[in-house]
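# fold the following for me, if possible:
(one chain, ligands or ions: 2)
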Amino acid sequence: LKIESAELRLIRLPLLTPFVISTGTMTEKHILLLTLRAEGIEGYAEGVMDPYPDYLEETISGSLTFLREVILPQVIGRRFANAAELGAILDPWRGHRMAKAMVDMAMWDLWAKALNLPLSVALGGVREAVDTGVSLGIADIPTTLARVESAVQAGYRRIKLKIKRGHDLDMLAAVRDRFPHAKLTVDANTDYRLTDLPLLKAMDDFALDYIEQPLAFDDIHDHVKVQEKLLTAICLDESIRSATDARKALVAGACRVINIKVGRVGGHTMAHAIHDLCAAFDVPVWCGGMLEAGIGRAHNIHLSTLANFTKPGDVSSASRYFPRDIVNEPLEVEAGRMAVPKTGPGIGVTLDRAFLDTVTGLREDITP
Ligand code: OSB
Ligand code: MG
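Ligands and ions are numbered 1, 2, ... in the order given. Okay, the predicted model is just below:
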């Protein structure tokens, strides 16, 4: 495949409901969208970086500069047999895994399309639909109970509750009391410290499937101390950026579950490596989300078809987030399962170009 040109767009989509997590509130989703063109085919990817570094360090403006000035000029005009060959261009640079992920993901989409295969098949997936859960933002207890109720009614197979210091045990007690049999998890997005160990230990009473990322985003070591003391499994999200991170976490006993976000770890090639490593450790994985629009959501669904994605992922219905999506196909959950989109090969969704143009703030074409 010879990559002929690329297009970067910066789009803004309003969220139906503000999404509140321990690090802040999101009311609008800003998305960097990449198109790679080769031999009459287009491959697409969405970036998961935010305007400001509140989830991890990367920002949209930094990624835009890195892609426009450093990476894309080397990709365009060059031939690739597959996405793994991007390593020669991407690996020399530090960090920037979210930006690298965009290039890797668009290349996987292109490659699968060139082979006329669904991306799930090109990746080695084994399912036609994937189990899904929901991630519920921080809200007062009555609002949270109502949201859990509607998620359970909708058939979601796991409910993840966002927590922060001061919004944890009372809320959990209320939810567990009302929903004694629901599969519940919590996600702290790094809000706790080792001194909170007694509080985290108290969460063992709520039969949670796991506690996601209680400690710092750049920490693996201290999570070992939490995991040793708790019966509940720790799941790492922010701390795992690569298969090397995953190896260190698993060898040290920092977690018993890993949340793989393809956009966080540098793309499908790395996501697959983490998936395989976890399988070797007998550790289950699940697919996380970053409130993606249709392109990123489709990538997540295809990735979730790999065999060791045995826990429900955050790949819930796009209509929970956006009044209108940038793809034509509705990505909606039915009875707790999301079907793999298959309008054609690759990621199996098509851009709603007329709508996309109305939400595009910046567009750049990168040509040889
Ligand atoms: O930690 O998983 C997270 C959203 C933004 C930033 C971080 C996270 C999340 C979510 C949302 O939990 C998952 C989704 O896309 O529904
Ligand atoms: Mg998380």
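
# ends of stretch 272-288, how far apart?
End-to-end distance of stretch 272-288 (CA to CA, to the nearest Å): 14 Å.

# what number of residues lie near W286?
28 (other CB atoms under 10 Å). Every C-beta, even on glycine, is put in place using the N, C-alpha and C of the backbone.

# check what pLDDT it gets.
What the model reports for W286 is a pLDDT of 99.

# packing partners of the longest helix along the chain?
Longest helix in the chain, counting residues (DSSP state H): helix 97-114. Judged by 3 or more CB pairs under 8 Å, 6 or more residues apart in numbering; DSSP states H and E, the packing partners of helix 97-114 are strand 24-38, strand 41-46, helix 60-65, helix 87-90, helix 119-123, helix 262-265, helix 268-280.

# can you give me the offset of the fourth one from its chain's centre?
So that's helix 87-90. Taking the mean of its C-alpha atoms, helix 87-90 sits 22 Å from the chain's own mean (CA atoms, centre = their mean, to the nearest Å).

# ligand 1 contacts on the stretch 251-368 of the chain?
Proximity of the stretch 251-368 of the chain to ligand 1, by CB under 6 Å from any ligand atom, involves residues G288, G289, M290, L291, D314, S316.

# distance of whichever residue of the chain sits closest to ligand 2 relative to G288?
Nearest to ligand 2 in the chain, going by CB to the ion, is D237, at a distance of 3.6 Å. Using CB to CB, to the nearest Å, D237 is found at 6 Å from G288.

# overlap in contacts, the two.
Taking CB atoms under 8 Å, 6 or more residues apart in numbering as the contact rule, D237 and G288 both touch N259, K261, R264.

# got the angle for the longest helix of the chain vs strand 24-38?
On the basis of axes from the mean of the first three to the mean of the last three CA atoms, to 10 degrees, helix 97-114 is oriented at 40 degrees to strand 24-38.

# export helix 97-114 to CSV, keeping only CA atoms.
This file holds the C-alpha atoms of helix 97-114, laid out as CSV (Å, rounded to 0.1, in the frame of the first residue of the first chain):
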residue,chain,number,x,y,z
ARG,A,97,0.9,7.2,22.0
MET,A,98,-2.5,8.7,21.3
ALA,A,99,-1.1,10.4,18.2
LYS,A,100,0.7,7.3,17.1
ALA,A,101,-2.5,5.3,17.7
MET,A,102,-4.3,7.4,15.1
VAL,A,103,-1.7,6.5,12.4
ASP,A,104,-1.7,2.8,13.3
MET,A,105,-5.5,2.6,13.5
ALA,A,106,-6.0,4.4,10.1
MET,A,107,-3.4,2.0,8.6
TRP,A,108,-5.1,-1.1,10.0
ASP,A,109,-8.4,0.2,8.6
LEU,A,110,-6.8,0.7,5.2
TRP,A,111,-5.0,-2.6,5.2
ALA,A,112,-8.2,-4.6,6.2
LYS,A,113,-10.0,-2.7,3.4
ALA,A,114,-7.3,-3.6,0.9
